[in-house]
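Chemist: from the sequence below, what's the structure:
(one chain, ligands or ions: 1)
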Amino acid sequence: MKREKNRFLPLGKSNVPASGSGRLYSVLSPPFDNRAQLSQHRIGPPKPALTGRPGASTTSNLTSRAVSWGPVGTSTPTHSCSTTRSAAFEICRKRGFKVMAHANNPDAVKNAIRLGVHSIEHGYIMDDECIALLLEHGTWYVPTLAISHLTASQATNPFEAAWVADRGLSHALCCRAEAASDVHARWFRKALDTGVRMASGSDIRPLKEAALLEMGLWVRDGATPWQTLVAATRRGAEVCGVGAELGTVESGKLADLIVVGANPLGDITNVRRLQLVLKEGRVVSNKRHLSGAVP
Ligand SMILES: [Zn+2]
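Modeler: From the prediction side, this is the model:
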């Protein structure tokens, strides 16, 4: 443990082995001090995701002053050394960084929560003890349903079908995703029904589509449109640590707003019917002259 820490601590930017592989990934850069940096500094290892392209590095759109530690475990048993994991968490604690864990099986989820992780990403397979620990520790859960739900045979609308067609997922990846889809949906619903702190997020690309597709999948798996909107706005800001300035329409917060052409509480895909986009109070896109505009 001591040797591990000594290996990492003196370095401004350190590499930590990702579990289950010989890969290394960066543990850090200086604290972020403005919103531009917040969007640029995303830390994630090159790693295989259920539907990731082989060799492609993946990142999350929910990283804020956080280290993306993953995969803490994949759908196969966790291989990372507990001493290494503890050292990595300890380093992050000392530097004031929160840790987000890409954890895909019950042991990985529990290990990460007990080490004080800020958020669990994916959680495809969990158990009742995982849910109890998430509740007890107030740990965030970001289910990333798209990873297991977006294959050609599971697409239920033109947006999903188009994303799947463009992605060109391999047969093997589709099989892995479809094998995990039902159990993923079940633990998503259990977490939702028991009151686990949850936010909408994804590590599929592009991020614009990831956010919209994920919202549709939340509703398909049993969340109400209202729960979904809150998860994608207020909760998303909170899990990123920027809830004081983003996430809700309130006096004193940044005016990042969209106006849509139909009620998303009636059909969540109406969030695509953009009429107006305001960024920090300035209109950056105006499609009000286009009836029923979609992006
Ligand atoms: Zn991930």
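Chemist: contacting residues around residue 283?
Modeler: Going by CB atoms under 8 Å, 6 or more residues apart in numbering, residue 283 touches 276-277. Just so you know, the C-beta spots here come from the backbone N, C-alpha and C atoms, and that holds for glycine as well.
Chemist: that one in helix, strand or coil?
Modeler: Using DSSP: H, G, I helix; E, B strand; the rest coil, the structure places residue 283 in strand.
Chemist: how much space separates it from the ion?
Modeler: 34 Å (CB to the ion, to the nearest Å).
Chemist: which strand residues bridge that residue?
Modeler: residue 278 (DSSP bridges).
Chemist: how far away is it from residue 244?
Modeler: Counting by CB to CB, to the nearest Å, the separation of residue 283 from residue 244 is 24 Å.
Chemist: kindly report the same for residue 192.
Modeler: Using CB to CB, residue 192 is found at 25 Å from residue 244.
Chemist: what do you get for residue 129?
Modeler: Taking CB to CB, one finds residue 129 at 33 Å from residue 244.
Chemist: again with residue 201
Modeler: If you go by CB to CB, the gap between residue 201 and residue 244 works out to 19 Å.
Chemist: more crowded one of the two?
Modeler: Applying other CB atoms under 10 Å to residue 201 and residue 244 shows that residue 201 carries more neighbours, namely 27 against 12.
Chemist: would you confirm that the more buried one contacts residue 102?
Modeler: No: contact criterion CB atoms under 8 Å: residue 201 and residue 102 do not qualify, at 11.3 Å.
Chemist: now for the closest residue to the ion within the stretch 1-150 of the chain, how many residues are close by?
Modeler: Using CB to the ion, the closest approach of the stretch 1-150 of the chain to the ion is made by residue 102 at 3.7 Å. Counted with other CB under 10 Å, the neighbours of residue 102 add up to 30.
Chemist: near the ion, which residues of the stretch 1-150 of the chain show up?
Modeler: Contacts of the stretch 1-150 of the chain with the ion, taken as CB under 5 Å from the ion, map to residue 102.
Chemist: which stretches of the stretch 1-150 of the chain have low pLDDT?
Modeler: Residue ranges of the stretch 1-150 of the chain with pLDDT under 70: 1-80.
Chemist: sec struct for residue 141, please.
Modeler: In three-state terms, and counting by three-state DSSP, residue 141 is strand.
Chemist: show me where this protein has helices.
Modeler: 2-8, 35-40, 82-95, 106-114, 128-137, 146-149, 158-167, 171-194, 207-220, 225-232, 234-239 (DSSP state H).
Chemist: tell me the domain ranges of the protein?
Modeler: 2-249, 255-295 (automatic domain parsing).
Chemist: just these: most buried one?
Modeler: Among those, the stretch with the highest mean neighbour count (mean count of other CB atoms under 10 Å) is domain 2-249, at a mean of 18.
Chemist: now the stretch 151-295 of the chain against the ion: closest residue?
Modeler: Residue of the stretch 151-295 of the chain nearest the ion, by CB to the ion: residue 203 (4.4 Å).
Chemist: quick one: contacts for residue 159?
Modeler: Residue 159 touches 209, 212-213, 216, 269, 272, counting by CB under 8 Å, 6+ apart.
Chemist: okay, those residues in CSV with distance to the ion and pLDDT next?
Modeler: Below are the contacts of residue 159 laid out as CSV (distance: CB to the ion, whole Å; pLDDT from 0 to 100):
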residue, distance to the ion, pLDDT
209, 16, 92
212, 19, 95
213, 15, 97
216, 19, 97
269, 25, 95
272, 25, 94
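Chemist: out of the helices of the chain, which is closest to residue 288?
Modeler: helix 207-220 (20.1 Å; CB to CB).
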